[in-house]
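[1] no FASTA, just this:
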């Protein structure tokens with residue numbers, strides 16, 4: 001019973017199973033889109049299927065980013081009023097319903113355009129913006145400032161391990177034939193089943209403990225003076241986070257299309273391994289954060305280390321022509337996931353406990369709004385440079401990452417100055 005009571009206070013099972021399900025869905029969707037595009041495009045034009053895939057993901061991504069904005073804000077307001085599980089449960093309902101759509105598309109051989117309904121369904125339920133902000137808010141109110149960065153990174157680690165394992169298995173599961181000898185039915189079914197399990201766990205088992213509520217109240221009573229420094233730091237954190245998210249999201253979006261074309265031309269198994277390599281970065285980033293924390297490296301410095309890691313790695317992707325070169329470039333990004341959880345941790349230290357939900361959702365919505373604008377830009381740039389320099393978008397991501405380092409360096413200087421003045425005052 002004691003073990004069960006302890007488990008009920010942890011959100012990690014939801015994060016793990018939901019990311020496993022997401023990995024299954026991502027690989028399944030990627031391969032179904034590839035197959036359907038090859039069937040409808042002309043073999044005489046080698047780039048027609050690439051353009052079709054890129055355009056599909058452009059529309060899919062824009063719907064994914066745009067629709068959840070208003071529902072996510074409503075759910076965040078409910079969370080800050082004490083209903084901490086609502087921003088987690090409602091998106092899981094949307095995910096369960098929308099992921100079942102891929103199963104129907106494969107089983108009933110519907111047109112791939114039907115999948116545009118999926119981001120509409122889970123977007124109206126808050127989408128990833130609400131789900132992940134809800135997870136981060138729940139973790140933040142249950143930890144002290146000293147351990148918050150590491151705890152958030154631990155959640156990211158669980159997320160990464162699940163993605164790694166799910167991606168490794170997804171390519172093999174996709175190729176298993178089940179109902180009507182159709183590839184992908186088993187993979188899509190397992191994705192739906194895992195989301196349903198997450199929904200049941202979050203609804204019936206996950207418990208917002210009394211300790212969490214007490215900490216929230218005590219945090220709420222604390223007053224944070226929002227002076228010029230605080231407002232400036234919050235603004236700089238938002239700017240840096242947005243720029244870095246644009247660089248990562250844009251680069252990774254095109255990367256999922258890039259590996260399907262020559263010279264790489266990956267199969268389902270290789271796609272799964274590639275996604276697993278991306279998820280492995282969660283583990284190396286967590287270990288990196290543990291190492292840097294042990295040597296008292298500041299949060300701002302850790303963020304910059306992570307950004308430099310991604311900047312170099314994504315630049316190397318510009319010249320990738322073999323699978324071995326791809327994985328080598330991926331290995332350079334080993335600390336690339338340190339920045340975002342650390343930025344969230346720094347933000348949580350600048351606001352009151354009752355504002356965690358709205359703060360995190362505002363950050364997530366900022367990512368969403370910018371992504372809606374930049375996703376088609378990345379896609380069109382990729383299509384226009386496909387013949388001469390297909391890796392140009394990765395160089396662009398590298399440049400944007402460099403720009404995101406500038407605000408964080410200012411934050412590092414300001415926080416160091418504040419700490420010095422505080423010590424002098426004492």
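    Nice, thanks for sending it over. Quantities reported herein were computed from a predicted structural model and do not represent experimental measurements.

[2] distance from stretch 71-86 to the middle of the chain?
    Averaging C-alpha positions (Cα atoms, centre = their mean, to the nearest Å) puts stretch 71-86 20 Å from its chain's average.

[3] next structured bit after the strand or helix carrying residue 119?
    Element membership for residue 119 (DSSP states H and E) is helix 117-124. Counting by DSSP H and E, the next helix or strand C-terminal to helix 117-124 is helix 127-141.

[4] report the angle between that following helix and helix 117-124.
    40 degrees (axes from the mean of the first three to the mean of the last three Cα atoms, to 10 degrees).

[5] helix 127-141 - contacts with which helices or strands?
    helix 12-40, helix 69-80, helix 86-108, helix 145-174, helix 210-221, helix 339-348, helix 356-384 (3 or more Cβ pairs under 8 Å, 6 or more residues apart in numbering; DSSP states H and E). All C-beta spots, glycine's among them, are computed from the backbone N, C-alpha and C.

[6] next, the angle from that helix to helix 356-384.
    Using the same axes, to 10 degrees: helix 127-141 against helix 356-384 is 140 degrees.

[7] ok, then the element right after the lowest-mean-pLDDT helix or strand in the chain?
    Using mean pLDDT, DSSP states H and E, the weakest-scoring helix or strand in the chain turns out to be helix 210-221, at a mean of 44. Counting by DSSP H and E, the next helix or strand C-terminal to helix 210-221 is helix 228-258.

[8] where does the stretch 1-150 of the chain dip in pLDDT?
    Scanning the stretch 1-150 of the chain with the threshold set as pLDDT under 70 gives 1-6, 40-47.

[9] ok so residue 263 is a helix residue?
    No. Per DSSP: H, G, I helix; E, B strand; the rest coil, residue 263 lies outside any helix segment and is coil.

[10] isn't it right up against residue 321?
    Yes. Judged on Cβ atoms under 8 Å, residue 263 makes contact with residue 321 at a distance of 5.1 Å.

[11] about what we covered before: buried deepest among the helices and strands packed on helix 127-141, which one?
    helix 339-348 (a mean of 26; mean count of other Cβ atoms under 10 Å).

[12] and the angle for that helix with helix 228-258?
    Computed by the same axes, to 10 degrees, the angle between helix 339-348 and helix 228-258 is 160 degrees.

[13] what's near enough to touch the residue nearest to residue 16 when sequence neighbours are not counted?
    Once flanking residues are discounted, residue 16 sits nearest to residue 162: 4.4 Å by Cβ to Cβ, 6 or more residues apart in numbering. Residues near residue 162 by Cβ atoms under 8 Å, 6 or more residues apart in numbering: 15, 16, 17, 18, 19, 20, 23, 279.

[14] likewise for residue 274?
    Per Cβ under 8 Å, 6+ apart, neighbours of residue 274: 167, 259, 266, 326, 330.

[15] mind running it again at 7 Å?
    Counting by Cβ atoms under 7 Å, 6 or more residues apart in numbering, residue 274 makes contact with 259, 266, 326.

[16] and if you look at residue 20?
    Contacts of residue 20 (Cβ under 7 Å, 6+ apart): 162, 165, 166, 194.

[17] how about those residues in a markdown table, adding distance to residue 412 and pLDDT?
    Below are the contacts of residue 20 laid out as a markdown table (distance: Cβ to Cβ, whole Å; pLDDT from 0 to 100):
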| residue | distance to residue 412 | pLDDT |
| --- | --- | --- |
| 162 | 32 | 93 |
| 165 | 35 | 91 |
| 166 | 35 | 91 |
| 194 | 40 | 97 |
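
[18] can I get those in CSV with distance to residue 116?
    Formatted as CSV, the contacts of residue 20 follow (distance: Cβ to Cβ, whole Å):
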residue, distance to residue 116
162, 27
165, 29
166, 24
194, 23
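
[19] would you point out the most distant pair within those?
    Of all pairs drawn from the contacts of residue 20, the greatest distance, 11.9 Å, lies between 165 and 194 (Cβ to Cβ).

[20] remind me, longest helix of the protein?
    The residue-count maximum for a helix in the chain (DSSP state H) belongs to helix 392-425.

[21] hang on, the earlier thing: what's the helix holding residue 119 packed up against?
    Contacts defined by 3 or more Cβ pairs under 7 Å, 6 or more residues apart in numbering; DSSP states H and E place helix 117-124 against helix 48-66, helix 86-108.

[22] 10 Å instead, please
    helix 48-66, helix 69-80, helix 86-108, helix 127-141 (3 or more Cβ pairs under 10 Å, 6 or more residues apart in numbering; DSSP states H and E).

[23] could I get the buried residue list for it?
    118, 119, 120, 121, 122, 123, 124 (16 or more other Cβ atoms under 10 Å).

[24] highest neighbour count among the contacts of residue 274?
    Neighbour count (other Cβ atoms under 10 Å) singles out residue 326 as the most crowded of these, with 22 neighbours.

[25] secondary structure element holding that residue?
    helix 323-332.

[26] contacts for that helix, please.
    For helix 323-332, contacts defined as Cβ atoms under 10 Å, 6 or more residues apart in numbering pick out 255, 258-259, 263-266, 270, 273-274, 276-278, 280-281, 284, 308-320, 322, 336, 394.

[27] chain center to that helix: distance?
    21 Å.

[28] grab the nearest non-local neighbour of residue 320.
    In space, residue 320 is closest to residue 326, 5.0 Å off (Cβ to Cβ, 6+ apart).
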